[in-house]
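Participant: Pasted the sequence and its predicted model underneath.
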Amino acid sequence: MSATPVIGKRAITLPRPRLAQRGARPINWQLSSYFLLLLALLVGALMLLTPAYLLVRTVGAGQAAVDMLLRPSTIQTLGRTVWLATTVTLASAVIAVPLAWLTTSTDLPGKRFWTVTAALPLVLPSYVGAYLFVSILGPRGIAQQMLQPITGIERFPSFYGFWGAFFVLTLMSYPYIFLTVRAAFKRLDPSMIEAARSLGQTPWQAFWRVTLPHLRPSIWAGALLVSLYVLRDFGAVTMLRYDTFTRIIYIQYGSFTSRSLAAAMALVLIALTAVILFMEMRTRGKANYARQSIGCARQSRTVQLGRWRWPALGFIGGIVTIGLILPAGSLVYWLVRGWMNSQVSVALWQTSWNSLTVSLIASLVAIAAALPVAILSVRQPSRLSHFLERLTYTGFALPGIVIALALVFFGANYTPSLYQTLPMLIVAYVILFVPQAVGSTRSSLLQVPRSLEEAGRSLGHSPLAVFRRITFPLLSPGMAAGMALVFLTCMKELPATLILSPLGYRTLATSVWGNISEAFFAQAAAPALMLILLSSIPMAFLTLREK
């Protein structure tokens, strides 16, 4: 009997467990599998709602949609989008993997503090971050004004275009990989590294040959989220004047006469998502990722940095300074400036409460929807289970306005009682961000040995009891990371909130956007800082509860 999950193409048939004692009730494994499959199919049907809406719209456009997609300008824009997503994903991985290792496996001082602060750039909305960095690093920004008396520089190089978008999106999206890889580091089997060292491998060789290959599922799960996040981003590329595919979609949707053409372009984003998912599937391979050692799980030995402690602190401190302290300092500057000019309102309690409650509920629903999909994908791999898993990623690649309008169409025609209600908004959040929960849960489940579950089943326990007593505690780090990701992204989601929220229902994200769109940057500082503060709560909780 295998002790580790194997990723294959054929479904695994679970053996009937041996009963530990006379009178123990047999377990209906077939029934439990069908129940999981039913839940996963419901999640898949929800994810198919938006593609179905887009397909109906595109068919209605007819030949005009084909002509628009074949234009040279459309193909060039598509190329720019793919190039930006590729470079941002690679740069994010280069930053995130060392950060995850430093905050889990070394004696780096203040690891809990650095974990929280390194993840916090994720809470900044892209349009806020782009504006703040332009105001700091732009040709006539704050940095140029401070350095001009010393250096005589009258104008910085232009911050707009590809390099500006690459810089901002990398700083805002590397936490996706950081959080998923960090959860994998905490579940890594130390016996494999010890075996490599006993065979004469240096620490660096053991990392490249043993540790890094076992981190591959988590790295690819985070990289998948980064690439899809860049594909759907609108705020940063618009502020930085770099034309990507999403900007065309937003412009088309702004015109009521060409929404069918916008739907056709949104289908292209779904096709791009399918290509990315296929590439991610090909890299998974058939390797085992669970612990191989016998006995209770134990933590890896802490690596002593020695003389490398200060360079490590400089690396992580530099990332936190650029990605968090600089934009937060700029927000403080605008807040103080607005306060002195009596332009700041501190009545944020209701909007803060709205953001907290709807984001928390959506994160709980998303992790519940991700569980059956992840369990089927890992424990009973088949073409259907893999298809359902990849289907969940379609929503994350689409702009929020596309999903919101699909739900408006569905609500207006089939469920008018749900139109502009909180349940409809939560459904939109789940469609948008359930991939974050699926990725983290799946990568953690890959590291849970099947032998532990089989031992519980052999004692006559039901599948629910085995999950509650064995699987769930081992999955909790990855599930908590997934919930934190969903919570953070729900807090800053804008288009879906603007379209689907009930009348008069304001969140921190909509408050920030309303002020920035009117160029009231001082008024936008207070809700933006509150957004950062409230979004840091789950990160701080996850860090402080670690042992």
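Facilitator: Looks like it came in fine. Residues are numbered from 1 along each chain as shown.
Participant: For burial, what's the neighbour tally of Val94?
Facilitator: By the criterion of other CB atoms under 10 Å, Val94 has 12 neighbours. (Glycine included, C-beta is placed from N, CA and C.)
Participant: going forward, begin numbering at 31 instead of 1
Facilitator: Sure, I'll start numbering at 31, so the last one becomes Val124.
Participant: does it sit in a helix, a strand or a coil?
Facilitator: Following DSSP: H, G, I helix; E, B strand; the rest coil, Val124 is assigned to helix.
Participant: Report the separation between it and Thr133.
Facilitator: Separation of Val124 from Thr133 (CB to CB, to the nearest Å): 16 Å.
Participant: before we move on, what about Thr527?
Facilitator: 32 Å.
Participant: which non-adjacent residue is nearest Ser203?
Facilitator: In this structure, Ser203 finds its nearest non-sequential neighbour in Val256, 4.6 Å apart by CB to CB, 6 or more residues apart in numbering.
Participant: Which strand or helix spans that neighbour?
Facilitator: Using DSSP states H and E, Val256 maps to helix 246-262.
Participant: mind saving the C-alpha coords of that helix as PDB?
Facilitator: Extracted as PDB, the C-alpha positions of helix 246-262 are listed here (Å, rounded to 0.1, in the frame of the first residue of the first chain):
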ATOM      1  CA  ARG A 246       7.400  22.900  -6.900                       C
ATOM      2  CA  PRO A 247       3.700  22.500  -6.300                       C
ATOM      3  CA  SER A 248       3.500  25.500  -4.100                       C
ATOM      4  CA  ILE A 249       5.700  27.600  -6.300                       C
ATOM      5  CA  TRP A 250       3.600  26.800  -9.300                       C
ATOM      6  CA  ALA A 251       0.400  27.400  -7.300                       C
ATOM      7  CA  GLY A 252       1.500  30.900  -6.400                       C
ATOM      8  CA  ALA A 253       3.000  31.600  -9.800                       C
ATOM      9  CA  LEU A 254      -0.400  30.700 -11.400                       C
ATOM     10  CA  LEU A 255      -2.100  33.200  -9.200                       C
ATOM     11  CA  VAL A 256       0.400  35.900 -10.000                       C
ATOM     12  CA  SER A 257       0.100  35.400 -13.800                       C
ATOM     13  CA  LEU A 258      -3.700  35.400 -13.700                       C
ATOM     14  CA  TYR A 259      -3.600  38.500 -11.400                       C
ATOM     15  CA  VAL A 260      -1.500  40.400 -14.000                       C
ATOM     16  CA  LEU A 261      -3.800  39.200 -16.800                       C
ATOM     17  CA  ARG A 262      -6.800  40.700 -15.200                       C
END
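Participant: Please pull up the helix or strand immediately following that helix.
Facilitator: Once helix 246-262 ends, the next helix or strand along the chain (criterion: DSSP H and E) is helix 265-269.
Participant: Counting by contacts, list what that following helix packs against.
Facilitator: In terms of contacts (3 or more CB pairs under 8 Å, 6 or more residues apart in numbering; DSSP states H and E), helix 265-269 is packed against helix 156-167, helix 192-216, helix 275-284.
Participant: hmm, 6 Å instead?
Facilitator: Under the contact criterion of 3 or more CB pairs under 6 Å, 6 or more residues apart in numbering; DSSP states H and E, helix 265-269 touches helix 156-167, helix 192-216.
Participant: if we can go back for a sec, contact partners of the helix holding Val256?
Facilitator: 114-115, 118-119, 122-123, 199, 203, 206-207, 210-211, 214, 276, 306, 310, 313, 319, 426-429, 466, 469, 473, 476 (CB atoms under 6 Å, 6 or more residues apart in numbering).
Participant: Of those, grab the buried ones for ChimeraX.
Facilitator: With 16 or more other CB atoms under 10 Å as the criterion, this ChimeraX line picks the buried residues out of those:
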select :114,115,118,119,122,123,199,203,206,207,210,211,214,276,306,310,319,426,427,428,429,466,469,473,476
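Participant: is it true that Leu199 touches Thr116?
Facilitator: No - checked against CB atoms under 6 Å, the pair Leu199 and Thr116 is beyond contact range at 11.8 Å.
Participant: Which residue ranges of the stretch 31-180 of the chain form strands?
Facilitator: In the stretch 31-180 of the chain, no strands are found when defined by DSSP state E, counting those that start in this stretch.
Participant: what are the ranges of the helices in it?
Facilitator: Secondary structure of the stretch 31-180 of the chain (DSSP state H, counting those that start in this stretch): helices at 59-77, 79-91, 93-99, 102-135, 141-149, 156-167, 172-181.
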